[in-house]
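Asks: 3D, please:
(one chain, ligands or ions: 1)
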Amino acid sequence: MTTDIPPIPKLMTLERHILEGERQHPEATGVFSSILHNISLAAKLVWREVTKAGLVNILGQTDRMNITGDVMKKLDIFADQTIYRAMDHGGHLCVMASEENEDLLQIPDGYRRGKYVLLYDPLDGSSNIDANITIGSIFSIFRRVSRSGPGKHKDVLQPGDRQVAAGYLLYGSSMMLVYCTGHGVHGFTLDPSVGEFLLSHPNIRIPVRGPIYSVNEGNASRWDPAVRRYIEYLKEEDNATGRPYSQRYVGSLVADVHRTLLYGGVYCYPADTKHTAGKLRLTYECNPLAYIVENAGGAASDGHRRIMEIEPEALHQRTPLFIGSREEVRLAERFLNG
Ligand code: FDP
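Replies: Sure, this is the predicted structure:
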């Protein structure tokens, strides 16, 4: 009779993971554990509504437009307000900014202000909500640069390589939280029966190359010829370089980038004649995803320079994006730069 019992894996909750990480870094103050705890709480509330969406008729368009001209869905508003309410009282933030609000979101009077700044996209991929397709939330954290008082524009308009943490939530067939505080990229899956995030993807590394490209090819006629040549190249038959690549496009940035992070490849949203500066937002979409992907060994570029080196001039600024496996992003840059 065998007495071999398989080793029981460590039960690593999000909280425990953050605390153990902080113990290895004596300079850590415990702030991130509190911020991430509140983000994960907000995300669970958003996820609860996302899963109920088809049941309780929460879906449907309100008559409000968001500042980028999209018609807002009720769930966007709910997610925006839930994240704000979960984060406004912790004493660690001095200001917030989100896709759904034209200006800065200040900490309400009566609550302490802290040293950090939170930018977030409350519900990314919202045009997919009605079709039960994976959507998500994205967040980015900086240290404030203003000295005191309410946060200022210069606090939220910092280049991405000054981020101190970033992450995203995925509301898909399961709910996931992926985060990085500069010490590896780690993914947690929610066990809904106990309401805990459990470590499922420790220390994620993106493959250096990957034969998958992700782009809205319906825009091809509006692209620059260099972008068209690049995508055509990926589709040519050539055994030696593993071409043709496969094409995948969910249409939720966060889901497309998550797949790219795990399987490798490249996600592109180039500029085109309709979106002359690109479509995606630099500060709360591209920067946090670039931080995650670079920390996992990948790259993120606007075609010419690192996303995280762009000095933001406006909160809702757009940028072209090429993100994913390092070699794939370099290849895209070579085509774009002739
Ligand atoms: P959405 O408009 O649904 O919010 O953030 C914008 C975004 O989604 C991304 O999540 C997504 O990748 C992209 O737009 C899809 O744009 P296209 O429909 O133009 O492909």
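
Asks: who's in contact with residue 182?
Replies: Residue 182 makes contact with 164, 165, 295, according to CB atoms under 8 Å, 6 or more residues apart in numbering. Just so you know, the C-beta spots here come from the backbone N, C-alpha and C atoms, and that holds for glycine as well.

Asks: any idea how far the second one is from residue 234?
Replies: Using CB to CB, to the nearest Å, one gets 33 Å for the distance from residue 165 to residue 234.

Asks: what's the pLDDT at residue 64?
Replies: We have a pLDDT of 52 for residue 64.

Asks: Please disregard the earlier target; I meant residue 59.
Replies: Looking at residue 59, its pLDDT reads 49.

Asks: can you check residue 7 too?
Replies: Taking residue 7 on its own, its pLDDT is 68.

Asks: Mind listing residues that contact stretch 85-96?
Replies: 31, 34-35, 38-39, 41-42, 45, 84, 104-108, 111-120, 144, 146, 150-152, 155-156.

Asks: and with 7 Å instead?
Replies: 31, 34-35, 38, 41-42, 84, 104-108, 111-118, 144, 150-151, 155-156 (CB atoms under 7 Å, 6 or more residues apart in numbering).

Asks: Return the residues of this structure in contact with the ligand.
Replies: Selection of the chain residues close to the ligand by CB under 6 Å from any ligand atom yields 124, 125, 126, 127, 216, 251, 252, 253, 279, 280, 285.

Asks: Make a markdown table from those residues and add secondary structure to it.
Replies: Shown next, in a markdown table, are those (DSSP: H, G, I helix; E, B strand; the rest coil):
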| residue | secondary structure |
| --- | --- |
| 124 | strand |
| 125 | coil |
| 126 | helix |
| 127 | helix |
| 216 | coil |
| 251 | coil |
| 252 | coil |
| 253 | helix |
| 279 | coil |
| 280 | strand |
| 285 | helix |
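
Asks: Would you mind putting the CA coordinates of stretch 32-39 into PDB?
Replies: Extracted in PDB, the C-alpha atoms of stretch 32-39 (Å, rounded to 0.1, in the frame of the first residue of the first chain):
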ATOM      1  CA  PHE A  32      -0.400  48.500  -1.300                       C
ATOM      2  CA  SER A  33      -2.000  45.800   0.700                       C
ATOM      3  CA  SER A  34      -4.700  48.200   1.700                       C
ATOM      4  CA  ILE A  35      -5.100  49.700  -1.800                       C
ATOM      5  CA  LEU A  36      -5.200  46.300  -3.500                       C
ATOM      6  CA  HIS A  37      -7.600  45.000  -0.800                       C
ATOM      7  CA  ASN A  38     -10.000  47.900  -1.600                       C
ATOM      8  CA  ILE A  39      -9.600  47.400  -5.400                       C
END
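
Asks: Quick one: distance of it to the chain centre.
Replies: Chain-centre distance of stretch 32-39: 16 Å, with CA atoms, centre = their mean, to the nearest Å.

Asks: about what we covered before: highest neighbour count among the residues of the chain next to the ligand?
Replies: Neighbour tally across those (other CB atoms under 10 Å): the maximum, 29 neighbours, falls on residue 124.

Asks: and the closest residue to that one other than its chain neighbours, how many residues sit next to it?
Replies: Spatial nearest neighbour of residue 124, chain neighbours left out: residue 254 (4.6 Å); criterion: CB to CB, 6 or more residues apart in numbering. Using other CB under 10 Å, residue 254 is surrounded by 26 other residues.

Asks: Distance check, residue 332 against the ligand.
Replies: Distance, residue 332 to the ligand, by CB to the nearest ligand atom, to the nearest Å: 17 Å.

Asks: for the residue nearest to residue 289 when sequence neighbours are not counted, helix, strand, or coil?
Replies: Residue nearest to residue 289 in three dimensions, not counting chain neighbours: residue 257, with 5.0 Å by CB to CB, 6+ apart. Assigned by three-state DSSP, the conformation of residue 257 is helix.

Asks: Quick check, residue 160 in contact with residue 293.
Replies: No: using CB atoms under 7 Å, residue 160 makes no contact with residue 293, being 11.1 Å away.

Asks: remind me which residues of this structure are low pLDDT?
Replies: Across the chain, the ranges flagged by pLDDT under 70 are 1-3, 6-9, 26, 28, 53-73.

Asks: Dig out what the residue positioned nearest the centre of it forms beta bridges with.
Replies: What sits nearest the mean C-alpha location of the chain, by CA atoms, centre = their mean, is residue 138, with 3.8 Å. Residue 138 forms beta bridges with residue 121, residue 168, as assigned by DSSP bridges.

Asks: Renumber starting at 336 from here on
Replies: Okay, using 336 as the starting number, the last item reads as residue 473.

Asks: Could you give the number of residues near the residue nearest to residue 624?
Replies: 31.

Asks: Quick one: residues contacting it.
Replies: 602, 624, 628, 658.

Asks: Confirm the first one sits in a strand?
Replies: Yes: residue assignment for residue 602, taken from three-state DSSP, places it within a strand.

Asks: so what's it closest to, chain neighbours aside?
Replies: Using CB to CB, 6+ apart, the nearest residue to residue 602 is residue 549, at 4.3 Å.
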